[in-house]
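> Sequence below, structure please.
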Amino acid sequence: MNEECCKKEDCCKSKSNGCGAAGCGTYGLAFIGALVYFIQNAGSFTQGLVGFFKALVWPAILVYELLKFLIK
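Prediction:
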């Protein structure tokens, strides 16, 4: 069945069908903003490195804290 889908819609040749592209762009801009914020506030290289990793995972932390707040 997947072969028929690929022949009809040509979905195997393209990496993305355009769905969710705005989400990727939004996350990318938010990542850059968070990275700049954390690096500007870093006092040492180690704090800057930790800031880089915080910038990668801040959406997960935000959702976790939001759910923790809503469940109380």
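> and G43, which of the three is it?
When classified by DSSP: H, G, I helix; E, B strand; the rest coil, G43 comes out as coil.
> Ok, L70 next?
Following three-state DSSP, we place L70 in the helix state.
> That one: neighbour count?
Here the number of neighbours of L70 (other C-beta atoms under 10 Å) works out to 7. Just so you know, the C-beta spots here come from the backbone N, C-alpha and C atoms, and that holds for glycine as well.
> what's the distance between it and V63?
Distance of L70 to V63, given as C-beta to C-beta, to the nearest Å: 10 Å.
> got it, and Q47?
Q47 sits 24 Å away from V63, going by C-beta to C-beta.
> cool, and V57?
From V57 to V63 the distance is 10 Å (C-beta to C-beta).
> Between Q47 and V63, which is the more surrounded one?
Taking neighbours as other C-beta under 10 Å, Q47 and V63 compare with Q47 leading, 14 against 10.
> Could you pull up the residues touching that one?
N41 (C-beta atoms under 8 Å, 6 or more residues apart in numbering).
> Now name the helix or strand holding it.
helix 45-71 (DSSP states H and E).
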